[in-house]
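K.L.:
Next input, structure requested:
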Amino acid sequence: MTLCLTGVSFGQEMLLNGGLENWDDDTSPTSWTKAENTTKEATEIHGGSFSAKHVGGTKDLSQTITGVVAGDSYTITLWYKVDVETDGTDIRIWSYWKDAGNSSITDEATDDKIRGGDNSNGYLSNNFGSWAKYEVTVTAPAGAEAFYFELRTYKGVTVYWDDLSFFHNATASVKNNAIEGFATYPNPITDKKFTVSSSSSDTKQVAVFSVIGKKVFSTSFSGLKKNLDVSGINSGVYILKVTEGAKTSTKKLVIR
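P.N.:
Just a heads-up that it's a prediction; the model follows:
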């Protein structure tokens, strides 16, 4: 059965282990690629059983999120509690958009919000030692294909991080911006090949994402249709996104 998601709202959490419930050991939260001066905390928690205790000295807690779609909306949420503080310049979000070559993207519209908080080079409020929330919704700039999610703690500060999120927001409706005559078949795919077609011979950008937002396949072609080989992708459920000029169509794709 083919399930067309064009014109349907859906959202997706893209940050792995944002609740910090899973740890490889007492200093390594699962799926976080950098965890400096970080330990598993079971007492000072916002939700669940654990948080991350982070002691400063310009130390980072971070991971790279792939599968970002330029032009789409994302909501970043942080819960934090500053335990030992100094002068208010103690902690901040320090994140970047990344392009296909893993280079940072400068984006005037979002840089302040993802790198410093409410203002350029700003810091998150200490909030008098209570759990506080920082939340902002941003649009991925042109060329963005990944997001480097980083939290930074300075000096001798102690902070607890918990219930972190990078959420790909639901698309309100792309019905009026869908590719005319768009079709893909067969679906489910049983022989590792499927066809993408439309009413136009304009260039089509094709991408396949896993359900956690990782891009696992990409190509482009010109013409009315093309048979594509996805033999390099494991069996499972994926999201197919096809872009043709300013129009986009998305479908759930099943590979057997």
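
K.L.:
Pass me the low-pLDDT residue ranges in the protein, would you?
P.N.:
Scanning the chain for pLDDT under 70 picks out the ranges 1-11, 118-121, 170-177, 211-212.

K.L.:
Am I right that residue 197 is in contact with residue 182?
P.N.:
Yes - with contact defined as Cβ atoms under 8 Å, residue 197 and residue 182 form a contacting pair (7.5 Å). Where you see a C-beta, it was placed from the backbone N, CA and C, and this is true even at glycine.

K.L.:
separation between the nearest residue to residue 130 once chain neighbours are set aside and residue 53?
P.N.:
Excluding the flanking residues, the one nearest residue 130 by Cβ to Cβ, 6 or more residues apart in numbering is residue 81, at 6.6 Å. Taken as Cβ to Cβ, to the nearest Å, the spacing of residue 81 relative to residue 53 amounts to 10 Å.

K.L.:
so what sits against both of these two?
P.N.:
Counting by Cβ atoms under 8 Å, 6 or more residues apart in numbering, the shared contacts of residue 81 and residue 53 are 44, 159-160.

K.L.:
what's the closest non-adjacent residue to residue 210?
P.N.:
Among residues not flanking residue 210 along the chain, residue 216 sits closest, at 5.7 Å (Cβ to Cβ, 6+ apart).

K.L.:
Contact partners for that neighbour?
P.N.:
With contact taken as Cβ under 8 Å, 6+ apart, residue 216 is in contact with 208-210, 233, 238.

K.L.:
Residue 197 and residue 182: which is more packed in?
P.N.:
Summary of the neighbour comparison: residue 197 and residue 182, criterion other Cβ atoms under 10 Å, with residue 182 having more neighbours (21 against 18).

K.L.:
Name the residues linked to the closest residue to that one other than its chain neighbours by a beta bridge.
P.N.:
In space, and not counting its chain neighbours, residue 182 is closest to residue 249: 4.3 Å by Cβ to Cβ, 6+ apart. The residues listed as beta-bridge partners of residue 249 by DSSP bridges are residue 242.

K.L.:
okay, now residue 249: neighbour count?
P.N.:
Neighbours of residue 249 using other Cβ under 10 Å come to 25.

K.L.:
From residue 103, how far off is it?
P.N.:
Note on residue 249: its distance to residue 103, by Cβ to Cβ, is 29 Å.

K.L.:
before we move on, back to that, if I've got this straight, the residue nearest to residue 210 is in a strand?
P.N.:
Yes - counting by DSSP: H, G, I helix; E, B strand; the rest coil, residue 216 is located in a strand.

K.L.:
Any quick ChimeraX command for the buried ones out of the shared contacts of residue 81 and residue 53?
P.N.:
Of the shared contacts of residue 81 and residue 53, the buried ones can be selected in ChimeraX as follows, counting by 16 or more other Cβ atoms under 10 Å:
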select :159,160
